[in-house]
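[1] pasted the sequence and its predicted model underneath.
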Amino acid sequence: MRARYADGRAAITRDAECVLGPDAITFTVHDAQHIWPYGDLRRADDGAGAIMLRRAPDTGERLMLDQDAAIELRAAAPTLFTPRAFGVEGPVVVGGLIAAAWSMAAAFLVGVPLAAAPLADIVPPRYRDQLADISWSQVEAFTDYCDDSDEASRVLNDMAYRMMTAANVPAKDDIWIIIVDAPIPNAFALPDNSIVVTDDLIALAEHPDELTGVIAHEIAHIERNHVLKNIIRSVGAGIFFDIVFGGAGTGQAVAIASVNLASLSYSRDDETDADRRGLDYLDAAAIDTGGLARLFDRLAETAGENAENSEFPSLFSTHPATAERAAMARARSRQGLAPSMSEAEWRTVRSTCGVVLDEPETNEAPPKPDAPEGDVKPT
Amino acid sequence: MSVESAPAHSFSHTGKFTDVLALAAKNAGLSVATLTLYRFWARTSMRRRLWSRVNVLGDPLEYTGTAWELFRGFLISLPSFFLPAIFVFYIAPLLMDPVLAFWLAAGFYVFAVPLVAAARYWMRRYQLSRTRWRGIRLGLAGSARAFAFASFGWTVLQTLSLGWYTPLARMNRAKMMWENTRFGDQPFEFVDDGQPPQKGLWWPFALGWFALPLAYLVAVLVVVAVAAGLAGTGYEPPRFDEMAPANIMIFSISVVLLMALLMVFFWAPYNAAAMNRIASLITLDGARFKLKARTLSLFAIQLSGWIITILSLGLLAPMAGFLQVRYVINRLEIIGTPRFAEIGQSVVDGPRTGESLGDAFDLDMGVGVI
């Protein structure tokens, strides 16, 4: 059998005459005989054309055989036709990689949220303030301060303080509510225990208990330290993505999507927790939870939720489905309780930031509202 | 000793589209299943496939790198690059003064320019050291640090000149790379042919440079005309204040895609000219190289790669690399024959730590080509 041999010392090939033995290939080049045991050989080609053999460890020598020699060589040395001979990883490596990847993902899914709670509790005040500054800079980027909101803020803070006192909220002296002018109906808590309420949310609320329900929800976020936990989870996720899931393309997108879905689940758990705790506050302060239920109903109409699509947005949302939240609030509703704010207080709140001027009093059950623009999710 | 035959085509690439596509699809599937951890094995198998289909004077190239080497390089890059990056981009913004954190991030980006150049050099050094022909190893000598700093300077000049230094910078980088490239113990040379290295590049570059605003205008006009045609209305300029957000997004994406298409087209003459010019200045033991890249064919190859990459959501991006490698190899010729009997084994040691930052910066773009 004819072949060509490169000795690994010069970039030329020499003609060789080969004989395939039972344990080794023997070839002669210029009267010099070489014996290469099959067990020491690897394939240097990729199996698609001419056969190129090398020794292991690599000496730089190469023996090149025509493709026609494949049948004879396979019969003599079948191991040279296995994936391992080509350096292709076996199923053990692939299985190990799959197991390692999903184990790391699982470790993230379990480990980071587990670590987030104790870490959030020991964040020093200095860093908490630093995070609050960053949050405020982001809030200020899309909101404006309402010059006439001092009195309305005082009303909301007094109401919240009464509620927190009744519910024995430990941080009641540290929590402060601020009204801002923003184009979206929303409320959210910041790391420095501030609660930001937008004027559009006040405009959306048709009864003081609706707004109070949202504020109770935000107070629960602060009491449970959800804000810092969420920041730690987000940073942990970012680091995890960057380190483990390098590369690019859809593979990375799938990895990120998988972990993001889990993150959403934790966010929804936080929201459900804050919903329950907020309803506890309302109960303790003798405030009807039906107000919050009505607000959620209106949101459900606004978001266009219906039986057909309610599961999908719930799965991919940071919040539980609005209909479920409304049902939970309605289940704990008690009739005949006094509104959480007096008519005068509610009028003060409603008149801030130019929300609603000269409107009729609505301390009774609110009428069915018109579907407003925008979206609101107490966070 | 066998006599060196002189094939009609001194370089050829015998890779088949479907064959490479099957491997790319398998790699994509396993990359998804392993949350991208398989990428080191995917790159290795793709390189092995692409290299082995390159025939030089009748003998194939050989890729000897292993996935474990790439994986080891990735592990090494964790503390040396990822930890500082994590501090700068995740920790510092949360815990440091915002202004200081901003300048830290800005400094990191500036530092990343030479670092990317160094990573490119390390990556090429690794790939060449794992490439053999007739058992003889290729290699890259020289200092990655020197290349990084020089490259940083050229980048500054490119920026200050609004891009007009780019042809010179490209030739400078090519010269530095090729003068340090070795086949065995034989260095490649980047010769002085008596003409400026950037000869013939200015007009094609100017075409690409001035095409930017033109491409934007043409893209907007075409998209508006098509949209008006579909809507059955006459020509009207887009009114973003009256458009739904989804329509604004569709409009913007259409303009960007069409503009990208036009830019690839208008830059193709420059890219083809630069590739041909660089090849013409490379010699190995007196043998010269000639590349016949042409504008339209190069544009077609690049466009095909783009389409495959976009339609596969990036999963089949290696196909774009394959098409380009095959294009270049099949249009490359060697003029003259080096004295191969005089060329001995490489004395340049290859790195043992894979490509390290090459993965961090995704310089390969998952394509698996040089």
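    Sure thing, it's come through. Numbering: from 1, shown residues only, chains lettered A, B, ... in the order given.
[2] which helix or strand contains B:Phe266?
    Using DSSP states H and E, B:Phe266 sits within helix B:245-280.
[3] could you report the neighbour count for B:Gln302?
    Counted by other CB atoms under 10 Å in any protein chain shown, the residues lying close to B:Gln302 total 20. Where you see a C-beta, it was placed from the backbone N, CA and C, and this is true even at glycine.
[4] what do you get for the one 3 residues further on?
    Applying other CB under 10 Å, we find 22 other residues in the vicinity of B:Gly305.
[5] quick revisit: what's the helix holding B:Phe266 packed up against?
    For helix B:245-280, the packing partners by 3 or more CB pairs under 8 Å, 6 or more residues apart in numbering or on different chains; DSSP states H and E come out as helix B:166-179, helix B:202-231, strand B:287-291, helix B:295-311.
[6] if we use 6 Å, what do you get?
    helix B:202-231, strand B:287-291, helix B:295-311 (3 or more CB pairs under 6 Å, 6 or more residues apart in numbering or on different chains; DSSP states H and E).
[7] quick one: work out the angle between that helix and helix B:295-311.
    140 degrees (axes from the mean of the first three to the mean of the last three CA atoms, to 10 degrees).
[8] coming back round to it: closest to B:Gln127 out of the helices and strands packed on helix B:245-280?
    strand B:287-291 (18.7 Å; CB to CB).
[9] adjacent strands (with direction) for the closest one?
    strand B:282-284 (antiparallel), strand B:332-335 (antiparallel) (DSSP bridges).
[10] contacts for the first one next, please.
    Read it as strand B:282-284. B:178, B:188-189, B:191, B:289, B:338 (CB atoms under 6 Å, 6 or more residues apart in numbering or on different chains).
[11] same question for stretch A:210-223.
    With CB under 6 Å, 6+ apart, stretch A:210-223 has contacts from A:160, A:169, A:175, A:187, A:189, A:193, A:195, A:205, A:274, A:277-278, A:281-282, A:287, A:291-292, A:295, A:340, A:378.
[12] alpha carbons of it, as CSV, please.
    Taking C-alpha atoms only, stretch A:210-223 is exported to CSV below (Å, rounded to 0.1, in the frame of the first residue of the first chain):
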residue,chain,number,x,y,z
GLU,A,210,-58.0,52.3,46.5
LEU,A,211,-54.9,54.5,46.9
THR,A,212,-54.5,53.4,50.5
GLY,A,213,-54.4,49.8,49.4
VAL,A,214,-51.6,50.5,47.0
ILE,A,215,-49.6,52.3,49.6
ALA,A,216,-50.1,49.4,52.0
HIS,A,217,-48.7,47.1,49.4
GLU,A,218,-45.6,49.4,49.0
ILE,A,219,-45.1,49.5,52.8
ALA,A,220,-45.1,45.7,52.8
HIS,A,221,-42.3,45.8,50.2
ILE,A,222,-40.3,48.0,52.6
GLU,A,223,-41.0,45.9,55.7
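[13] and residue 55, how many neighbours?
    You didn't pick a chain, so chain A it is. 18.
[14] hmm, I had chain B in mind actually
    20.
[15] surely it is in contact with B:His13?
    No: judged on CB atoms under 6 Å, B:Asn55 makes no contact with B:His13 at a distance of 7.5 Å.
[16] what's the distance between B:Phe188 and B:Met176?
    12 Å (CB to CB, to the nearest Å).
[17] apologies, that question was intended for B:Asp285.
    For B:Asp285, the distance to B:Met176 - CB to CB - is 20 Å.
[18] which one of these two is surrounded by more residues?
    Set B:Asp285 next to B:Met176 and count neighbours by other CB under 10 Å: B:Met176 wins out with 19 against 16.
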